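Enquirer: coordinates only, sequence not included:
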């Protein structure tokens, strides 16, 4: 389920880059279509109990919606203002940043190999920033880092609200983007080319809602390290789609940083999986 979800999600960055309309128009339709399709999926699951699933998310769900709101805006703006590889490699650091946030706010202990992974990931992100100083991509990189912090915060929130179906929070987060995008779009919401319309229907009407629903459900059956390892597939596939279609080649600093971050995350994940197996065998 998780691997299929990541495969479905991987063209997200490419489609955002291919859509040529105003960025706020893109955000409006992307988030509106995602919320509508996700609601349909929820209806198929809950039927007449659909609306009762929303109050069940509680305060944690509202916080989760807020991270989706700000994260979506920063993610899409980042893809428009920096290289896709920069955005996706920075986003790959989400699991270790969530570990850091868990340490700061939940007082959870962090293993030595996690501290090492956090340090290497931040060094890799700083390397990407340094390469963007001369190429004018720093703002996009900073937006990507902001989106990463939002997704990491959401992971911590979801852990606090485990056992609750948080898919309705995804609907609310996407819906919250709609009025903001409407305000900044100057009302030009229907001025879309046929090509942009097709890409938006594919992205918001199918790929995003289906993949995010599966990613939300997948961790029920897998450990956190296994989930993190599978999610890294998008970091590899996303830039490849952009390179194949748009011929966008990452900068040297981005490639080096990507190798550092991916290498650190893969080693960290494998060590975490080993630690979990040892603790389970002892219990």
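Expert: In hand now; what should we look at? Since the structure is predicted, the reported quantities are computational estimates derived from the model, not experimental observations.
Enquirer: For the nearest residue to residue 108 once chain neighbours are set aside, I want the exact helix or strand it lies within.
Expert: Nearest residue to residue 108 in three dimensions, chain neighbours excluded: residue 102, at 4.4 Å (Cβ to Cβ, 6 or more residues apart in numbering). All C-beta atoms are positioned from the backbone trio N, CA, C, and that covers glycine. Here residue 102 is covered by helix 94-105, with elements defined by DSSP states H and E.
Enquirer: what's the burial count for the residue nearest to residue 108?
Expert: Using other Cβ atoms under 10 Å, residue 102 has 19 neighbouring residues.
Enquirer: which residues does it contact?
Expert: In this structure, residue 102 makes contact with 108, 110, 156, 159, judged by Cβ atoms under 8 Å, 6 or more residues apart in numbering.
Enquirer: again with residue 121
Expert: Taking Cβ under 8 Å, 6+ apart as the definition of contact, the neighbours of residue 121 are 92, 93, 96, 97, 260, 261, 264, 265.
Enquirer: Check the second one and give its pLDDT.
Expert: The reference is to residue 93. pLDDT, residue 93: 92.
Enquirer: try the fifth one
Expert: Residue 260 is assigned a pLDDT of 94 by the prediction.
Enquirer: how about it, secondary structure?
Expert: Per DSSP: H, G, I helix; E, B strand; the rest coil, the local secondary structure of residue 260 is helix.
Enquirer: shaky segments in this protein?
Expert: By pLDDT under 70, the low-scoring segments of the chain are 219-220, 222-225, 283.
Enquirer: From the centre of it, point out the most distant residue.
Expert: Computed with Cα atoms, centre = their mean, the residue of the chain farthest from its C-alpha average is residue 282, at 34.8 Å.
Enquirer: Report the separation between it and residue 268.
Expert: Here residue 282 is placed at a distance of 21 Å from residue 268 (Cβ to Cβ, to the nearest Å).
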